[in-house]
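Novice: Show me how the following folds:
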Amino acid sequence: MTRLRCAIYTRKSTEEGLEQEFNSLDAQREAGEAFIASQKHLGWEASPDRYDDGGFTGANMDRPALQRLLADIEASRVDVVVVYKVDRLSRSLLDFARLIEAFDREKVSFVSVTQQFNTAQSLGRLVLNILLSFAQFEREMIAERTRDKMSAARKKGKWIGGCPPLGYDVAPGGGKLVVNPSEADQVRAIFELYLEKRSLLRCVELLNGRGWRTKAWTTKEGRRREGSRWEKASVRKLLTNPVYVGQVSYRGGTYPGEHPGIVDPDLFARVGEMLGGGRVDPRRSGNKHGFLLRGLVRCVTCGSAMTSSTSAPRGKPYRYYCCTSSRRRGTGECPVRAVSAAELERFVVDRIQDIGRDPAVLQETLVAIDEQRAQERPVLEQEQRMLQSEHQTCRGEARRLVGALAQGASASVTERLAQVELRTSQIEVRLGEIAAAITAMDRSTIDPEEVAKALAEFDPVWDALVPREQANLLQLLIERVDYDGVAKEVAITLRPEGISSLANEERSAA
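Specialist: Below you'll find the model as predicted:
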């Protein structure tokens, strides 16, 4: 008789609560072992290895025991997978389809103790998908009810969690803001200060000079979040927050809050009018002034980016690259204010033209590019490892928060869960960028002769381009431009892949 090795997979997620008498991992395994024993005449025997995922959601496949089970299936160490119920394996139709496909590929049977069917038959597959659809529907209903509850609470003026604004603390029971008297005085002083100075930057300098900081608070889990130095964005956010006149905002609307206001409504309205008059319409923003190095220039003195800016004394426009640190926090933060855009752009273009004209400069540039690659790869790989570790941490925290939410935790848990999910998606995007950068670094090769020929054609091509095309070409060739406003020096870092692309374009055109 052929012996079939049966792996019992169990999962318990706290998000589902206590659903039936078989709700623990041990109880699920006991049911699985009893079912396998009833099939002993078919040669079934339970594997001694345990595949238990305690405290993991079935909404995804990020579960250690499940991954170990899949690895053993690929290694031909499992013939039958036994679960107590279908949703123990997965609550996602897409994930479940992938699992069944993997089982079929390895000729592994799948059995549910309480929902008996044969996955090798079309009827069994239909029943399986129906059961799984209900499991996924249940999970989505839980999420929908949570969103509806948050929306209703917000419209009733309740505080649904997160960092409280300066001037308030969260009430001991949660769900409501209470006034912090000392911070409330600071808030009113900030409104009066802006009304007097009429400048966000001047307010930032004065607030930081006084040693004032943004809101510091302690989370429900006991983690301390310290306040930070003021910036123009944080001052503007404070001055436009309707919470200070006793209201709460939600999805573009404002509703009466349960908390008292701490700023006079007339003062709030006057400040809002002043701020609205100086706001730029984002729909009209663009590179209409022809900045060739937009997004490439960095300030060496403080390490901040340098943004494009214009002024028009007596109607004549002048273009500059300005240090964002000094613009946001004043010259006390960074002594470098601005550099003429025309002069900096001309210098950069001249240096690129020199590379194509002088073989010695070209060779020196290629050597520098090789050294740059050798330095960048370990940095990227280190960042990749750190992000992968943070990604695992975020996934673990998300599982704990989902469990706490199912047990009736406060709305602050929902707010934190949203923050964790956002950070997780940001990490995944960055990991994809790093992987692409490493792949491009491995694949791109630079032929000195081709680069020399391409850059030799730079001059006539450059003169034939319109400003927008010139900016695109520099974005292709240059990774960054470091401007030292104290020593009046400029360092240009080229993109190896950009040099290769330029050479390839020249070769294709030929």
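Novice: Can you tell me which residue is spatially central in the protein?
Specialist: residue 426 (1.9 Å; C-alpha atoms, centre = their mean).
Novice: That one is in what secondary structure piece?
Specialist: Assigned by DSSP states H and E, residue 426 belongs to helix 411-443.
Novice: what helices or strands is that helix leaning on?
Specialist: Applying 3 or more C-beta pairs under 8 Å, 6 or more residues apart in numbering; DSSP states H and E, one finds that helix 411-443 contacts helix 122-155, helix 359-406, helix 496-509. In this view, the C-beta of every residue, glycine as well, is placed from N, C-alpha and C.
Novice: Identify the residues contacting the spatially closest residue to residue 4 that is not a sequence neighbour.
Specialist: What sits nearest to residue 4 in space, not counting adjacent residues and going by C-beta to C-beta, 6 or more residues apart in numbering, is residue 79, at 4.2 Å. When contacts are counted by C-beta atoms under 8 Å, 6 or more residues apart in numbering, residue 79 is found next to 4, 5, 6, 108, 109.
Novice: could you dump those to CSV with pLDDT, distance to residue 339 and neighbour count?
Specialist: Shown next, in CSV, are the contacts of residue 79 (pLDDT from 0 to 100; distance: C-beta to C-beta, whole Å; neighbours: other C-beta atoms under 10 Å):
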residue, pLDDT, distance to residue 339, neighbour count
4, 89, 75, 16
5, 91, 71, 18
6, 91, 72, 22
108, 89, 66, 23
109, 86, 71, 17
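Novice: Mind telling me the two of those residues farthest from one another?
Specialist: Greatest spatial distance among these (C-beta to C-beta): 5 and 109, at 11.1 Å.
Novice: which neighbours do these two share?
Specialist: Contacts common to residue 5 and residue 109, judged by C-beta under 8 Å, 6+ apart, are 79, 80.
Novice: May I see the buried residues of stretch 482-495?
Specialist: 482, 483, 485, 490, 492, 494, 495 (16 or more other C-beta atoms under 10 Å).
Novice: Can you tell me which of those is closest to residue 99?
Specialist: Nearest member of the buried residues of stretch 482-495 to residue 99, counting by C-beta to C-beta, is residue 495, at 42.3 Å.
Novice: pretty sure that closest one contacts residue 474?
Specialist: No. Counting by C-beta atoms under 8 Å, residue 495 sits too far from residue 474 to count as a contact (10.3 Å).
Novice: joint contacts of the two?
Specialist: What both residue 495 and residue 474 touch, as defined by C-beta under 8 Å, 6+ apart, is an empty set.
Novice: tell me the contacts of residue 216?
Specialist: Residue 216 neighbours (C-beta under 8 Å, 6+ apart): 224, 225, 226, 227.
Novice: Now do the domain split for this structure, please.
Specialist: As recorded under automatic domain parsing, the domains making up the chain are 4-152, 168-279, 350-509.
Novice: Identify the farthest-apart pair in the buried residues of stretch 482-495.
Specialist: Spatial extent of those (C-beta to C-beta) is set by the pair 485 and 495 at 24.1 Å.
Novice: What pLDDT is listed against residue 431?
Specialist: For residue 431, the pLDDT comes out at 85.
Novice: I should have written residue 169 there, sorry.
Specialist: pLDDT, read off for residue 169, is 89.
Novice: repeat for residue 96
Specialist: 76.
Novice: May I ask which helix or strand encompasses it?
Specialist: Using DSSP H and E, residue 96 falls in helix 93-105.
Novice: Quick check: phi and psi on residue 216?
Specialist: According to degrees, to the nearest 10, the main-chain angles of residue 216 amount to phi -110, psi 140.
Novice: Hmm, residue 494 is touching residue 477, no?
Specialist: Yes. Using C-beta under 8 Å, residue 494 is in contact with residue 477, at 6.0 Å.
Novice: can you pull the contacts of residue 95?
Specialist: 60, 61.
Novice: oh sorry, the question was meant for residue 395
Specialist: Counting by C-beta under 8 Å, 6+ apart, residue 395 has contacts 62, 424.
Novice: And stretch 106-113, what's buried?
Specialist: Buried, per 16+ other C-beta under 10 Å, within stretch 106-113: 108, 109, 110, 111, 112, 113.
Novice: Stretch 62-79 now?
Specialist: By neighbour count on 16+ other C-beta under 10 Å, the buried set for stretch 62-79 is 62, 63, 65, 66, 68, 69, 70, 72, 73, 78, 79.
Novice: The third one touches residue 7, doesn't it?
Specialist: No. When contacts are counted by C-beta under 8 Å, residue 65 is not listed as touching residue 7 (10.0 Å).
Novice: Find the residues that touch each one of these two.
Specialist: Shared contacts of residue 65 and residue 7, defined by C-beta under 8 Å, 6+ apart, comprise residue 51.
Novice: for the nearest residue to residue 241 once chain neighbours are set aside, helix, strand, or coil?
Specialist: Excluding its sequence neighbours, the residue lying closest to residue 241 (C-beta to C-beta, 6+ apart) is residue 165, at 5.8 Å. Using DSSP: H, G, I helix; E, B strand; the rest coil, the structure places residue 165 in coil.
Novice: burial count for residue 165?
Specialist: The number of residues packed near residue 165 is 22, by other C-beta atoms under 10 Å.
Novice: mind checking how far residue 217 is from residue 158?
Specialist: Distance, residue 217 to residue 158, by C-beta to C-beta, to the nearest Å: 18 Å.
Novice: contacting residues for residue 329?
Specialist: Residue 329 is in contact with 201, 204, 205, 208, 229, 230, 231, counting by C-beta under 8 Å, 6+ apart.
Novice: Now with 7 Å, please.
Specialist: 204, 205, 208, 229, 231 (C-beta atoms under 7 Å, 6 or more residues apart in numbering).
Novice: Surely the first one forms part of a strand?
Specialist: Pointing back at residue 204 there. No. Counting by three-state DSSP, residue 204 is not part of a strand but helix.
Novice: I'd like to check which residues are in contact with it.
Specialist: Contacts for residue 204 (C-beta under 7 Å, 6+ apart) come out as 230, 231, 232, 235, 328, 329, 330.
Novice: make it 10 Å
Specialist: Residue 204 sits next to 229-235, 327-330, 332-333 when contact means C-beta atoms under 10 Å, 6 or more residues apart in numbering.
Novice: same thing with the last one?
Specialist: Counting by C-beta under 10 Å, 6+ apart, residue 231 touches 200-201, 204, 207-208, 214, 237, 324-325, 327-329, 333.
Novice: What of residue 386?
Specialist: Listed by C-beta under 10 Å, 6+ apart, the contact partners of residue 386 are residue 427.
Novice: By residue count, tell me the biggest strand in this protein.
Specialist: strand 4-12 (DSSP state E).
Novice: That one pairs with which strands, parallel or anti?
Specialist: strand 44-46 (parallel), strand 51-54 (parallel), strand 80-83 (parallel) (DSSP bridges).
Novice: any idea how far the first one is from the chain center?
Specialist: Right, the one you point to is strand 44-46. 46 Å (C-alpha atoms, centre = their mean, to the nearest Å).
Novice: quick one: contacts of that strand?
Specialist: So strand 44-46 is contacted by 3-8, 29, 32-40, 79-80, 82, 109, 111 (C-beta under 10 Å, 6+ apart).
Novice: Report the buried members of those.
Specialist: 4-8, 29, 32, 35-36, 79-80, 82, 109, 111.
Novice: Could you export the residues you listed as a markdown table, including distance to residue 95?
Specialist: Compiled in a markdown table, these are given as follows (distance: C-beta to C-beta, whole Å):
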| residue | distance to residue 95 |
| --- | --- |
| 4 | 25 |
| 5 | 24 |
| 6 | 22 |
| 7 | 18 |
| 8 | 20 |
| 29 | 22 |
| 32 | 21 |
| 35 | 24 |
| 36 | 25 |
| 79 | 22 |
| 80 | 20 |
| 82 | 19 |
| 109 | 19 |
| 111 | 18 |
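Novice: Please consider this matter closed, and thank you.
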